[in-house]
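> quick one, structure for this:
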Amino acid sequence: MGIFNFFKSQFIEVIEWTDQSSNTMVYRFPVQNNEIKMGASLIVRESQVAIFVNEGEIADVFMPGNHVLYTQNMPVLTKLKSWKTGFNSPFKAEVYFVNTKQFIDQKWGTSNPIMMRDPEFGMIRLRGYGIYSYKVADPVVFLKELFGTNASYDTSNIESHLKKMILSGLTDLFAESQIPALDLAMHYDELSTEGKAKMQERFAQFGFEITSLYIENLSLPKEVEQAMDKRTTMGVLGDMNTYTQYQAAEAIREAARNEGGGMAATGAGIGAGAAIGNAMAGAFNANQQQPASPAPVESAKIACPHCQSQIRATAKFCPECGKTVQQKTVPCVNCKAEIKEGSKFCGDCGAKQVTEKKCETCGAINGPAAKFCGDCGEGLEG
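Residues are numbered from 1 along each chain as shown. The predicted structure is shown next:
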């Protein structure tokens, strides 16, 4: 009886797969050393396709539903096994469940800037990032081209390749569109639609269908954006001479309002009156400028790290306590300039002294010298 039960346990009567993850694309049913009983139940759930493989050759494909396995509904495998009609013995075959649901929230981003020619700014470097989603549209092509004989396959196995395909297509699309940099934001939807259509043929080569593609952001380098902000500010101010004269008049009026005592108040009043006269004269003679008197130069002072006395910044020893004021320095993580040990920021480049940088957009961890995120391409704060 024990031997009979042993042989009976080797026959698989129910074949099914319940996906416990969100990114598994293919799962091979564990039938090694087991035989499938003819008449067994095959349960294929929605968003799944079951494929039988016999000795490396794809045989029958089953769509969602509850299937009872027998020779009549397995024509290809029946032919490969040379079974006669009504054959009822157990058999061995590999069963692969292919997940046909959409794999959403797949990220793409420019690891390196895209060089473009802009009609207004000339040569520019463009960065961007976004998301896309896709699904397995042709399971047979997918198994032949990508999966092979692995036990399982998930989105991480193909993520890098798909991201590079998308970046290649979008780079070509952005360059061909010839849309000025300042007008890119108003064409996100059109560029996303055209990018999706451009990717369909490339994805189909692997049995995939790209179901959506979105551009979340296209940006210029920070230096260019800062120059654009300054240019905008100048446009808002208008005539710079008039603006400078207005600012001078406002400053003089505020100085004249400060109340003082004795000769100080008298001197302030005389000085304010003279300054107002000069400002009014400058308003009528815009081409004449009054040279500013040079401010007295004072040597920079620092606090002694030992006794806190104010000493010259260039001093090597404190004149009060006699101890050295030279502190241990370390190189900046960004520009390599020597800075005080324990400093949080570099005095030369302003870079934050950290061992790693976290992207605020996608959360990816980057190296301390990185200026742009390696996943989404967004600029990193120093």
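
> can you give me the domain assignment for this protein?
By the record's domain assignment, the chain is partitioned as 2-99, 103-225, 327-382 (automatic domain parsing).

> can I get those domains in CSV including distance to residue 306?
Backbone N, C-alpha and C define where each C-beta goes, glycine included. Listed next are these as CSV, based on distance: least, Cβ to Cβ, whole Å:
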stretch, distance to residue 306
domain 2-99, 59
domain 103-225, 41
domain 327-382, 11
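
> in TSV, list these along with mean pLDDT, distance to residue 254 and mean neighbour count.
Shown next, in TSV, are the domains of the chain (pLDDT from 0 to 100; distance: least, Cβ to Cβ, whole Å; neighbours: other Cβ atoms under 10 Å):
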stretch	mean pLDDT	distance to residue 254	mean neighbour count
domain 2-99	81	63	15
domain 103-225	88	34	16
domain 327-382	78	32	15
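
> residue 310 is nearest to which of the ones you listed?
Smallest distance to residue 310 across the domains of the chain (Cβ to Cβ): 16.7 Å, for domain 327-382.

> starting at the chain centroid, how far to that closest one?
Computed by Cα atoms, centre = their mean, to the nearest Å, the chain-centroid distance of domain 327-382 equals 18 Å.

> can you check stretch 164-174 too?
A distance of 16 Å separates the centroid of the chain from that of stretch 164-174, by Cα atoms, centre = their mean.

> tell me which residues are up against that stretch.
Around stretch 164-174, the neighbours that count as contacts under Cβ atoms under 8 Å, 6 or more residues apart in numbering are 108, 110-111, 114, 116, 126, 128, 132, 191, 194-195, 198-199, 202-203, 213, 215, 218.

> outside of stretch 46-60, which residues touch it?
Stretch 46-60 has contacts (Cβ under 8 Å, 6+ apart) with 15, 17, 19, 42, 44, 61-64, 73-77, 80-81, 93-101, 136, 139-140, 143-144, 149.

> in helices, which of the residues you listed appear?
If you go by DSSP state H, the contacts of stretch 46-60 have 75-77, 80-81, 139-140 in helices.

> from residue 333, how far off is residue 346?
8 Å (Cβ to Cβ, to the nearest Å).

> which neighbours do the two have in common?
Residues touching both residue 346 and residue 333 by Cβ under 8 Å, 6+ apart: residue 353.

> redo the ones in helices among the contacts of stretch 46-60 as CSV? Include distance to residue 226.
Listed next are the ones in helices among the contacts of stretch 46-60 as CSV, based on distance: Cβ to Cβ, whole Å:
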residue, distance to residue 226
75, 69
76, 65
77, 67
80, 68
81, 72
139, 51
140, 54
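
> check these and tell me the two furthest apart.
Distance extremes for those: the farthest pair is 81 and 139 at 21.8 Å, using Cβ to Cβ.

> in the stretch 151-300 of the chain, which spans are strands?
For the stretch 151-300 of the chain, applying DSSP state E, counting those that start in this stretch gives strands covering 152-154, 208-219.

> quick one, which of these is nearest to residue 308?
Proximity to residue 308 (Cβ to Cβ) singles out strand 208-219 among those, at 46.0 Å.

> centre of the chain to that closest one, how far?
13 Å.

> elements contacting that strand?
Applying 3 or more Cβ pairs under 8 Å, 6 or more residues apart in numbering; DSSP states H and E, one finds that strand 208-219 contacts strand 122-136, helix 159-177, helix 188-204.

> residue ranges of the helices in the stretch 251-382 of the chain, please?
Assigned by DSSP state H, counting those that start in this stretch, the helices in the stretch 251-382 of the chain fall at 262-284.

> now, which of the ones in helices among the contacts of stretch 46-60 sits nearest residue 154?
Among the ones in helices among the contacts of stretch 46-60, residue 139 lies closest to residue 154 (Cβ to Cβ), at 15.5 Å.
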